[in-house]
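Peer 1: just the structure for this:
(one chain, ligands or ions: 2)
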Amino acid sequence: MSLFRTSKNMREIVKIVSKELQITRDEAELVVATLIAQPRFEMYLNEKIDSETVALLNMKLQQLKEGVPIEYITKKVQFLDYQLVIYPGVFIPRLETEYFIELIGKLTTRTPKTILEIGTGCGAIAVSLAHVFPEAQIVATDISPTAIDNASENIRHYNLRDRVTVAQCDLFAGLTGQFDIIVSNPPYVPTSRIPSLPKSVKDFEPILAIDGGYQGVQFIERLVREGKQHVKSHGMMAIEIDEDEVNILRQFLVTNSFRTFVIKKDLFGRFRYLFVGDVKNEKSKNSH
Ligand code: SAM
Ligand code: GLN
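Peer 2: Ligands and ions are numbered 1, 2, ... in the order given. Below is the predicted model:
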């Protein structure tokens, strides 16, 4: 299907996009400006749009109509202050993970010299933490080769190659040494909930990044259990979780004698972040 058969001017294109995608004119302007990578006002400066741009725009709008996330079409994603490249097939960083970075900065009791990130995806957490902790050396891992390539590109772009090392591996397999902070946003959606995720997530984002197994805690529990050997004695583990998993995880932590942990809420009031180990002002508080 072609949204516009012949070259139109920008005003007409925006009108058609607004109708086709059932969005307001303002939103349509934003979509078109994003897709042609121009500021909104500038796109109205050229009265006639060449046929190549129209063809490309048609193709991208068609993908958008099919539910492809806009980040996979533009191959860009904004995460905090960083404009990252995102490859189709790599998990798109979420808003809640931006706040996770702030909490890690606030809750660590020491300035970390070494950080391990498990499941880095496009490298959003690693790139951000490298700026929050300019003295830290970071190891960022992922099991997905596409994610490893994607993270490497972003790390290169931000000139972090001498501070962030990327490694393809399954959780802690092959990793040696101990770190001040171990951080992860692992797959944590319970398998049974995958069918009810939005189409743009379940049809286009990698299931490997999202499926946390039965009850969603398969990776979280392994991270905590196996991470113990890889975290320094006064270090901490910081893991993103789902609110529905709080009771299961609390039980798991108590049963396995992890006495110092806190679970923090996200900006929407949902319990979302688990910190195990030395955490500022929260020692010995199994709070949530
Ligand atoms: N850190 C990124 C972020 O916050 O946007 C990506 C998080 S995504 C929810 C989870 C990541 O874990 C995916 O990139 C996925 O490929 C990776 N992953 C899944 N299973 C893994 C495993 N066994 N070992 C290492 N990484 C894994
Ligand atoms: N919150 C994510 C979603 O919207 C899932 C993140 C995860 O599993 N780490 O799909």
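Peer 1: C-alpha only now, for contacts and for neighbours.
Peer 2: Noted.
Peer 1: flag every buried residue along the helix or strand where residue 248 lies.
Peer 2: In the assignment (DSSP states H and E), residue 248 maps to helix 246-255. Across helix 246-255, burial judged by 16 or more other Cα atoms under 10 Å covers 246, 249-250, 253.
Peer 1: farthest pair in the residues you listed?
Peer 2: The most widely separated members of the buried residues of helix 246-255, counting by Cα to Cα, are 246 and 253 (10.4 Å).
Peer 1: now do the SS call for residue 233.
Peer 2: State at residue 233, reduced to three classes by DSSP: H, G, I helix; E, B strand; the rest coil: strand.
Peer 1: residue 10 reaches residue 40, doesn't it?
Peer 2: No - Residue 10 lies out of contact with residue 40 (Cα atoms under 8 Å); the separation is 10.6 Å.
Peer 1: who has more neighbours, those two?
Peer 2: Counting neighbours by other Cα atoms under 10 Å for residue 10 and for residue 40 shows that residue 10 has the greater number, 19 against 16.
Peer 1: how about the nearest residue to the more buried one, chain neighbours excluded?
Peer 2: In space, residue 10 comes closest to residue 44 once its chain neighbours are excluded; the distance is 6.0 Å by Cα to Cα, 6 or more residues apart in numbering.
Peer 1: quick one: pLDDT of the one you found?
Peer 2: Residue 44 is assigned 86 on the pLDDT scale.
Peer 1: would you say residue 183 is within a helix?
Peer 2: No - assignment of residue 183 by three-state DSSP gives strand, placing it outside any helix.
Peer 1: the strands in this structure, which residues?
Peer 2: For the chain, the strands defined by DSSP state E cover 76-79, 82-85, 114-118, 137-142, 164-168, 179-184, 231-240, 261-265, 271-277.
Peer 1: and the angle from the helix holding residue 248 to strand 271-277?
Peer 2: 10 degrees (axes from the mean of the first three to the mean of the last three Cα atoms, to 10 degrees).
Peer 1: and this structure, which residues reach ligand 1?
Peer 2: 91-93, 97, 118-121, 124-125, 142-144, 147, 169-171, 185-187, 208-210 (Cα under 6 Å from any ligand atom).
Peer 1: now with 8 Å, please.
Peer 2: For the chain, the residues in contact with ligand 1 (Cα under 8 Å from any ligand atom) are 90-94, 97, 117-126, 141-144, 147, 168-172, 184-188, 206, 208-210, 219.
Peer 1: thinking again about what came up before, quick one: the helix holding residue 248 near ligand 2?
Peer 2: No - Helix 246-255 does not reach ligand 2 (Cα under 8 Å from any ligand atom); its nearest approach is 14.6 Å.
Peer 1: just the C-alphas of that helix, formatted as PDB.
Peer 2: Extracted C-alpha coordinates of helix 246-255, given in PDB (Å, rounded to 0.1, in the frame of the first residue of the first chain):
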ATOM      1  CA  VAL A 246       8.300  -8.700  44.800                       C
ATOM      2  CA  ASN A 247       6.800 -11.400  47.100                       C
ATOM      3  CA  ILE A 248       8.500 -14.300  45.300                       C
ATOM      4  CA  LEU A 249      11.800 -12.500  45.300                       C
ATOM      5  CA  ARG A 250      11.600 -11.500  49.000                       C
ATOM      6  CA  GLN A 251      10.900 -15.100  49.900                       C
ATOM      7  CA  PHE A 252      13.800 -16.200  47.700                       C
ATOM      8  CA  LEU A 253      16.200 -13.700  49.300                       C
ATOM      9  CA  VAL A 254      15.200 -14.500  52.800                       C
ATOM     10  CA  THR A 255      15.400 -18.300  52.200                       C
END
